[in-house]
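Undergrad: Mind looking at a prediction? Sequence and model below.
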Amino acid sequence: MKPEHKQFYKDFIEGLHGNSLAIFAGAGMSKSAGYVDWKGLLKDIAEDLGLEIEKESDLISIAQYNVNKIGGRSMLNQKIIAEFNQDVDLTDNHKILARLPIQTYWTTNYDDLIEKSLQNAKRIADIKHSIGQLSLSKPRRDAIVYKMHGDATMPNDAVLTRDDYERYFNDKAPIITALSGDLVSKLFVFIGFSFTDPNLDYILSRVRFYMKGTDRHHYYFIKKVMINDPGIIDMADFEYKTIGIGT
C-alpha cells in the first residue's frame, strides 16, 4: 500500500468518527448512473451552433450563446428537465457513501441521486439548493445536501450560463460562505469532479489565500484516464492527461 493511501484511510476514518468529513460529488458520480455530464447536456445545443462538443472546453459560453441566440433559456431548461428527471438506478458508490455516517454533502449536480441514496439508507436528508433553504432545518436530519448549482426541479434557477456564473457571487453569497466554512473545518473528498468549475476554483483560492498556508488538505477521486478514451489524440496527449494534480 502506498504511503499516501495509508494517510487517506487514516484521515478518512478520523473524519468519520469526528463528524468532520464532507463529500463533494461531481458529474462523474452521476454519469456512472446513466445521467449526462456537462458535455452530454450541451451536445445537441452545440451541434445546433455548428460546434463539436468534444472539441470544446468553454461549455459555459456555449450555454450563454444559446441563451443569447434564442432570447431566453427555455431550451436549456427543457434539456435539464429531460435529462435529470429520468429514473435511473443508484450506483454502488452512492449506496456505500449513504450508509456511512457522513453528515455533509456538496454537489454541483442537478440530479437527486444523493438524496435518493440517503433515503434508501433510511436517513433523513436536508436539501439546500436555494438561499431561502439555508436558514431552515429539517427535523431529525441525518445529513445536509448542498446543491450549489441548483436542482433539476427548478431549472430556471440552475447555474449553467456565463451570466449565472458572473452573478453567482452576489446572488449566492450565503452559499459561498457556507462552503468556505466547511472547506476550512472539514476534510473534503471530491469524487467525480473535474476541477474546471470557476465557482469552486475561486472559492478554493480564496480559502487558501485567507488561511495563509494553514488550510486543510483534501482528497479527490477521478476516473482513470485510458488510452482508448474518447478525446485522446495520441500518446503524448494521453501522458499529459494522466499527470496528477495533487491532494
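TA: That came in fine, so what should we check first?
Undergrad: Kindly provide the distance from the residue nearest to R73 when sequence neighbours are not counted to Y110.
TA: Ranked by C-beta to C-beta, 6 or more residues apart in numbering and with sequence neighbours excluded, the top spatial neighbour of R73 is V67, at 4.9 Å. C-betas here are computed from N, CA, C, even on glycine. Distance, V67 to Y110, by C-beta to C-beta, to the nearest Å: 17 Å.
Undergrad: Those two - which one has more neighbours?
TA: Y110 (26 against 19; other C-beta atoms under 10 Å).
Undergrad: Can you tell me the closest non-neighbouring residue to the more buried one?
TA: Closest residue in space to Y110, ignoring its immediate chain neighbours: A152 at 4.2 Å, by C-beta to C-beta, 6+ apart.
Undergrad: cool, F193 as well?
TA: In space, F193 is closest to G26, 3.0 Å off (C-beta to C-beta, 6+ apart).
Undergrad: Helix, strand or coil: sort out D126 for me.
TA: Counting by DSSP: H, G, I helix; E, B strand; the rest coil, the backbone at D126 sits in strand.
Undergrad: Going forward, the N-terminal residue is numbered 565.
TA: Renumbered: residue one is now 565, and that last one reads D690.
Undergrad: before we move on, the earlier item: the residue nearest to R637 reaches L640, doesn't it?
TA: Yes - the pair V631 and L640 qualifies as a contact (C-beta atoms under 8 Å) at a distance of 6.8 Å.
Undergrad: what sits in contact with each of those two?
TA: Taking C-beta atoms under 8 Å, 6 or more residues apart in numbering as the contact rule, V631 and L640 both touch T725.
Undergrad: ok, which stretches of the protein are strands?
TA: Here the chain has its strands, by DSSP state E, at 585-589, 668-671, 689-692, 707-711, 751-755, 783-785.
Undergrad: Now distance to L724 and mean neighbour count too, for those strands, in CSV please.
TA: Shown next, in CSV, are those (distance: least, C-beta to C-beta, whole Å; neighbours: other C-beta atoms under 10 Å):
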stretch, distance to L724, mean neighbour count
strand 585-589, 17, 23
strand 668-671, 15, 24
strand 689-692, 19, 20
strand 707-711, 13, 22
strand 751-755, 20, 21
strand 783-785, 23, 16
